[in-house]
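>>> generate a structure from the sequence data that follows.
(2 chains)
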Amino acid sequence: LAKTTQPISMDSYEGQEVNITCSHNNIATNDYITWYQQFPSQGPRFIIQGYKTKVTNEVASLFIPADRKSSTLSLPRVSLSDTAVYYCLVGADYGQNFVFGPGTRLSVLP
Amino acid sequence: EAQVTQNPRYLITVTGKKLTVTCSQNMNHEYMSWYRQDPGLGLRQIYYSMNVEVTDKGDVPEGYKVSRKEKRNFPLILESPSPNQTSLYFCASCSTGVDEKLFFGSGTQLSVL
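Numbers count the residues shown, from 1 in each chain, chains lettered A, B, ... in the order given. This is a model prediction of the structure:
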(Lines give C-alpha, C1' and ligand atoms only; values in the text may rest on other atoms or scores of the structure.)
Protein backbone atom coordinates (compact mmCIF):
# COMPACT_ATOMS: atom_id res chain seq x y z
CA LEU A 1 0.00 0.00 0.00
CA ALA A 2 1.41 3.38 -1.04
CA LYS A 3 2.28 5.76 1.78
CA THR A 4 0.07 8.84 1.92
CA THR A 5 0.51 12.31 3.41
CA GLN A 6 -2.39 14.59 4.31
CA PRO A 7 -2.74 17.77 6.36
CA ILE A 8 -3.47 16.94 9.97
CA SER A 9 -6.29 19.44 10.29
CA MET A 10 -8.29 22.05 8.41
CA ASP A 11 -10.89 24.63 9.36
CA SER A 12 -13.67 25.93 7.17
CA TYR A 13 -16.93 27.83 7.40
CA GLU A 14 -20.36 26.65 6.44
CA GLY A 15 -21.14 27.07 2.77
CA GLN A 16 -17.52 27.07 1.62
CA GLU A 17 -15.91 24.54 -0.67
CA VAL A 18 -13.23 22.48 1.05
CA ASN A 19 -10.34 20.82 -0.74
CA ILE A 20 -8.20 18.25 1.03
CA THR A 21 -5.07 17.10 -0.78
CA CYS A 22 -3.37 13.77 -0.30
CA SER A 23 0.16 13.07 -1.54
CA HIS A 24 1.05 9.56 -2.68
CA ASN A 25 4.33 9.83 -4.55
CA ASN A 26 4.95 6.06 -4.82
CA ILE A 27 1.52 5.11 -6.14
CA ALA A 28 1.61 1.98 -8.28
CA THR A 29 0.12 1.56 -11.72
CA ASN A 30 -2.83 -0.52 -10.52
CA ASP A 31 -3.55 1.49 -7.38
CA TYR A 32 -6.90 3.13 -6.80
CA ILE A 33 -7.37 6.15 -4.53
CA THR A 34 -10.11 5.87 -1.93
CA TRP A 35 -11.37 8.38 0.60
CA TYR A 36 -13.19 7.59 3.81
CA GLN A 37 -15.05 9.83 6.27
CA GLN A 38 -15.24 9.17 10.00
CA PHE A 39 -17.53 10.84 12.52
CA PRO A 40 -16.72 10.61 16.24
CA SER A 41 -17.34 7.16 17.73
CA GLN A 42 -18.38 5.76 14.34
CA GLY A 43 -16.55 3.56 11.90
CA PRO A 44 -15.14 5.16 8.75
CA ARG A 45 -17.39 5.08 5.74
CA PHE A 46 -16.51 5.10 2.05
CA ILE A 47 -17.17 8.39 0.28
CA ILE A 48 -15.41 8.29 -3.08
CA GLN A 49 -12.89 6.37 -5.15
CA GLY A 50 -11.02 7.07 -8.35
CA TYR A 51 -8.19 5.99 -10.60
CA LYS A 52 -7.51 9.05 -12.75
CA THR A 53 -8.92 12.42 -13.82
CA LYS A 54 -12.12 13.37 -12.02
CA VAL A 55 -14.82 11.44 -10.24
CA THR A 56 -17.99 12.98 -8.82
CA ASN A 57 -20.80 11.55 -6.76
CA GLU A 58 -23.58 13.00 -4.66
CA VAL A 59 -21.22 13.68 -1.75
CA ALA A 60 -17.89 14.81 -3.17
CA SER A 61 -15.55 15.12 -6.11
CA LEU A 62 -12.13 13.60 -6.48
CA PHE A 63 -9.52 15.22 -8.67
CA ILE A 64 -6.48 13.20 -9.75
CA PRO A 65 -3.77 14.81 -11.92
CA ALA A 66 -2.16 12.97 -14.79
CA ASP A 67 0.89 11.85 -12.77
CA ARG A 68 -1.40 10.47 -10.03
CA LYS A 69 1.08 11.42 -7.32
CA SER A 70 -1.57 13.35 -5.45
CA SER A 71 -5.32 13.60 -5.24
CA THR A 72 -7.75 16.23 -3.98
CA LEU A 73 -11.03 15.54 -2.26
CA SER A 74 -13.45 18.38 -2.83
CA LEU A 75 -16.48 18.89 -0.61
CA PRO A 76 -18.87 21.50 -2.06
CA ARG A 77 -20.64 23.90 0.28
CA VAL A 78 -19.81 22.18 3.54
CA SER A 79 -22.15 22.19 6.50
CA LEU A 80 -21.57 21.61 10.21
CA SER A 81 -22.37 17.93 9.67
CA ASP A 82 -19.29 17.55 7.46
CA THR A 83 -17.08 17.98 10.52
CA ALA A 84 -15.19 14.68 10.55
CA VAL A 85 -11.86 13.01 9.92
CA TYR A 86 -11.10 12.25 6.28
CA TYR A 87 -8.71 9.46 5.31
CA CYS A 88 -6.98 8.88 2.00
CA LEU A 89 -5.98 5.30 1.15
CA VAL A 90 -4.10 4.16 -1.92
CA GLY A 91 -3.96 0.55 -2.99
CA ALA A 92 -5.40 -2.17 -5.14
CA ASP A 93 -5.25 -5.80 -6.06
CA TYR A 94 -6.14 -8.97 -4.28
CA GLY A 95 -4.30 -9.52 -1.06
CA GLN A 96 -3.66 -5.93 -0.10
CA ASN A 97 -3.87 -4.91 3.51
CA PHE A 98 -5.51 -1.67 4.62
CA VAL A 99 -3.54 0.56 6.95
CA PHE A 100 -4.87 4.00 7.81
CA GLY A 101 -2.79 7.13 8.27
CA PRO A 102 -3.75 9.87 10.74
CA GLY A 103 -6.22 11.45 8.32
CA THR A 104 -7.31 15.10 8.10
CA ARG A 105 -9.53 16.48 10.84
CA LEU A 106 -11.94 18.93 9.20
CA SER A 107 -13.76 21.36 11.45
CA VAL A 108 -16.65 23.30 9.91
CA LEU A 109 -17.50 26.44 11.80
CA PRO A 110 -20.80 28.35 11.68
CA GLU B 1 -28.91 -4.99 3.92
CA ALA B 2 -25.16 -5.25 3.52
CA GLN B 3 -23.51 -4.75 6.87
CA VAL B 4 -20.76 -5.56 9.32
CA THR B 5 -22.16 -6.39 12.74
CA GLN B 6 -20.11 -6.08 15.91
CA ASN B 7 -21.18 -7.10 19.37
CA PRO B 8 -21.32 -5.85 22.02
CA ARG B 9 -21.50 -2.11 21.41
CA TYR B 10 -20.23 -1.36 24.92
CA LEU B 11 -18.32 -3.62 27.29
CA ILE B 12 -16.92 -3.01 30.75
CA THR B 13 -14.77 -5.72 32.24
CA VAL B 14 -12.01 -6.28 34.76
CA THR B 15 -8.36 -7.04 34.28
CA GLY B 16 -7.67 -10.64 33.38
CA LYS B 17 -11.21 -11.73 32.52
CA LYS B 18 -11.21 -13.26 29.05
CA LEU B 19 -13.57 -11.70 26.55
CA THR B 20 -14.56 -12.01 22.91
CA VAL B 21 -15.84 -9.30 20.61
CA THR B 22 -17.74 -10.76 17.70
CA CYS B 23 -17.74 -9.52 14.12
CA SER B 24 -19.89 -10.82 11.32
CA GLN B 25 -20.39 -9.69 7.72
CA ASN B 26 -23.09 -10.72 5.27
CA MET B 27 -21.37 -9.68 2.04
CA ASN B 28 -19.26 -12.79 1.44
CA HIS B 29 -16.11 -10.69 1.78
CA GLU B 30 -12.74 -12.39 1.81
CA TYR B 31 -10.88 -9.68 3.73
CA MET B 32 -11.62 -8.80 7.35
CA SER B 33 -9.69 -6.72 9.83
CA TRP B 34 -9.71 -5.37 13.37
CA TYR B 35 -8.65 -1.85 14.34
CA ARG B 36 -8.44 0.00 17.59
CA GLN B 37 -8.79 3.72 17.91
CA ASP B 38 -7.47 5.81 20.74
CA PRO B 39 -7.59 9.60 21.09
CA GLY B 40 -4.80 11.20 19.08
CA LEU B 41 -3.55 7.88 17.69
CA GLY B 42 -5.92 7.28 14.81
CA LEU B 43 -6.90 3.82 13.58
CA ARG B 44 -4.31 1.17 14.34
CA GLN B 45 -4.62 -2.27 12.87
CA ILE B 46 -4.58 -5.25 15.24
CA TYR B 47 -5.04 -8.29 12.98
CA TYR B 48 -6.33 -8.96 9.53
CA SER B 49 -7.45 -11.93 7.50
CA MET B 50 -7.29 -12.44 3.76
CA ASN B 51 -9.57 -15.47 3.84
CA VAL B 52 -10.70 -18.44 5.94
CA GLU B 53 -7.87 -19.81 8.09
CA VAL B 54 -5.54 -17.02 6.87
CA THR B 55 -4.72 -14.39 9.50
CA ASP B 56 -1.81 -12.05 10.04
CA LYS B 57 -0.63 -9.49 12.54
CA GLY B 58 -1.20 -5.81 12.09
CA ASP B 59 0.66 -3.03 13.84
CA VAL B 60 -0.51 -3.69 17.41
CA PRO B 61 -1.27 -7.42 17.84
CA GLU B 62 0.10 -7.91 21.37
CA GLY B 63 -2.55 -9.11 23.80
CA TYR B 64 -5.05 -10.09 21.10
CA LYS B 65 -6.01 -13.24 19.25
CA VAL B 66 -8.24 -13.80 16.26
CA SER B 67 -9.64 -16.73 14.35
CA ARG B 68 -11.23 -17.10 10.95
CA LYS B 69 -12.99 -20.45 10.82
CA GLU B 70 -15.84 -19.19 8.68
CA LYS B 71 -15.82 -16.56 5.99
CA ARG B 72 -18.45 -14.39 7.65
CA ASN B 73 -17.04 -14.30 11.20
CA PHE B 74 -13.85 -12.81 12.59
CA PRO B 75 -13.93 -12.68 16.41
CA LEU B 76 -11.40 -10.71 18.42
CA ILE B 77 -10.28 -12.43 21.61
CA LEU B 78 -8.63 -10.82 24.60
CA GLU B 79 -7.32 -13.70 26.72
CA SER B 80 -6.26 -11.53 29.66
CA PRO B 81 -7.41 -7.95 29.16
CA SER B 82 -5.43 -5.12 30.70
CA PRO B 83 -6.35 -1.46 31.23
CA ASN B 84 -4.16 -0.38 28.27
CA GLN B 85 -6.57 -2.27 26.02
CA THR B 86 -9.34 0.16 26.90
CA SER B 87 -10.22 1.52 23.49
CA LEU B 88 -12.76 1.81 20.70
CA TYR B 89 -12.58 -1.22 18.42
CA PHE B 90 -13.74 -1.50 14.81
CA CYS B 91 -14.13 -4.49 12.59
CA ALA B 92 -14.06 -4.06 8.81
CA SER B 93 -14.44 -6.18 5.71
CA CYS B 94 -14.14 -5.86 1.98
CA SER B 95 -14.17 -7.85 -1.18
CA THR B 96 -11.01 -8.40 -3.19
CA GLY B 97 -10.48 -6.75 -6.50
CA VAL B 98 -9.00 -3.65 -8.00
CA ASP B 99 -11.53 -1.32 -6.41
CA GLU B 100 -12.05 -2.66 -2.93
CA LYS B 101 -14.07 -0.59 -0.48
CA LEU B 102 -13.94 -1.23 3.24
CA PHE B 103 -17.15 -1.63 5.22
CA PHE B 104 -16.94 -0.95 8.95
CA GLY B 105 -18.94 -2.09 11.93
CA SER B 106 -20.44 0.34 14.43
CA GLY B 107 -17.65 -0.14 16.93
CA THR B 108 -17.19 -1.64 20.38
CA GLN B 109 -16.23 0.63 23.25
CA LEU B 110 -14.24 -1.50 25.69
CA SER B 111 -13.28 -0.43 29.18
CA VAL B 112 -10.94 -2.63 31.20
CA LEU B 113 -10.86 -1.74 34.89
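>>> show me what the closest residue to chain A within chain B is bridged to.
Distances between chain B and chain A by Cβ to the nearest Cβ are smallest at B:Phe104, namely 2.8 Å. Every C-beta, even on glycine, is put in place using the N, C-alpha and C of the backbone. Beta-bridge pairing of B:Phe104 under DSSP bridges involves B:Ala92.
>>> ok, it - contacts?
A:Gly43, A:Pro44, A:Arg45, B:Val4, B:Phe90, B:Cys91, B:Ala92 (Cβ atoms under 8 Å, 6 or more residues apart in numbering or on different chains).
>>> ok, B:Gln45 next?
A:Asn97, A:Phe98, A:Val99, A:Phe100, B:Ser33, B:Trp34, B:Tyr35, B:Gly58, B:Asp59, B:Val60.
>>> what's the answer for A:His24, then?
A:His24 touches A:Ala2, A:Lys3, A:Thr4, A:Thr5, A:Asp31, A:Ile33, A:Arg68, A:Lys69, A:Ser70, A:Ser71, A:Cys88, A:Val90, counting by Cβ under 8 Å, 6+ apart.
>>> with A:Glu17 instead?
Counted by Cβ under 8 Å, 6+ apart, A:Glu17 has contacts A:Ser74, A:Leu75, A:Pro76, A:Arg77, A:Val78.
>>> inside strands: which ones of the residues you listed?
A:Ser74, A:Leu75 (DSSP state E).
>>> element containing the residue nearest the centre of chain B, please.
Centroid check for chain B by Cα atoms, centre = their mean gives B:Trp34 as the closest residue, at 3.0 Å. Here B:Trp34 sits within strand B:31-38, counting by DSSP states H and E.
>>> do any residues in that strand lie close to chain A?
Yes - using Cβ under 8 Å from any Cβ of the partner chain, we find that strand B:31-38 touches chain A at B:Tyr31, B:Ser33, B:Tyr35.
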